[in-house]
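>>> how does the following fold in three dimensions:
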Amino acid sequence: MFDLVIVGAGGFGREVYHWARSAFDSGTHRLKGFLSNRPDDLAGRDFGASLLGDPDSYGIGPNDRFLLAVGDPTLKRSLAERLRGRGALFATLVHSTAVVAPTARLGEGVVLCPFATVSDAVELGDFVMLNFYASVGHDGRVGRYATLSPYATVNGFASVGDDVFLGSHATVTSRRKIGDGARVGANVAVHSDVPPRTLVYAPKAKLASIFGD
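Down below sits the predicted model:
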């Protein structure tokens, strides 16, 4: 029996708790609880699992398997490296509604949320997260610690580097390359290569009264 420990007890951590309950066989995995450095994260919330402590002081058990429930790639990398340095092992979560081609390759600690799609010959690096309806098209590459927000799309033959964040409905068009550490805002369509550590965003929408003067 493996004990699943969710790293992060905020909104995404609570979502991962529910996805893990449906993704893992209760006969082989049980949800042990959450790790967070904010002791009030679960205050007033009724969960079947409790807060076990913070990631740096928690005593790692031999049957523990960790799930990173953190969207920010920089924080996700830091947590993974600190836990790995103390001997932690990580689980990969694939929700039952996610579609994963048999030719796809998933790294350690990947989290695929409901209705995510990973197509033919795709490679996902360690600790990649695809949120609701996010997708990676055929021959796409997504580097370690990257996060694809809901409905984000990486099209065929496109390449996303390490530590990249794609906002909701962001689209990387076919054969484009996103450099390491770049951030792409919500609703942005990327039609050219993006250098490392670059922020790409769309202008804020203008507001106009629908009631006239």
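>>> check the most centrally placed residue in the chain and give its pLDDT.
Geometric centre of the chain, nearest residue: Met129, 2.3 Å, by CA atoms, centre = their mean. In this model, Met129 is scored at 98, pLDDT.
>>> so what's it bridging to?
For Met129, the beta-bridge partners under DSSP bridges are Val111, Thr147.
>>> isn't it right up against Ala152?
No: here Met129 does not reach Ala152: they are 10.4 Å apart, not a contact under CB atoms under 8 Å. All C-beta spots, glycine's among them, are computed from the backbone N, C-alpha and C.
>>> for Glu15, grab phi and psi.
phi -60, psi -50 (degrees, to the nearest 10).
>>> the one 3 residues further on now?
For His18, the backbone dihedrals are phi -70, psi -40 (criterion: degrees, to the nearest 10).
>>> again with Ala20
The phi/psi pair for Ala20 (degrees, to the nearest 10) reads phi -70, psi -40.
>>> measure it to Arg65 for me?
10 Å (CB to CB, to the nearest Å).
>>> any shared contact partners between those two?
Listed as contacting both Ala20 and Arg65 by CB atoms under 8 Å, 6 or more residues apart in numbering are 4, 29.
>>> quick one, domains of the chain?
2-91, 93-202 (automatic domain parsing).
>>> rounded mean pLDDT for the shortest one, please.
Per-region confidence: domain 2-91 scores 94 on mean pLDDT.
>>> what's the first-to-last distance across that domain?
Its start and end residues considered, domain 2-91 measures 10 Å (CA to CA, to the nearest Å).
>>> for the residue lying closest to Val100 once chain neighbours are set aside, give the beta-bridge partners.
Leaving aside its sequence neighbours, Val100 sits nearest to Val118 (CB to CB, 6 or more residues apart in numbering; 4.6 Å). Beta-bridge partners recorded for Val118 (DSSP bridges): Val100, Val136.
>>> which of the helices or strands spans Ser78?
Using DSSP states H and E, Ser78 sits within helix 73-85.
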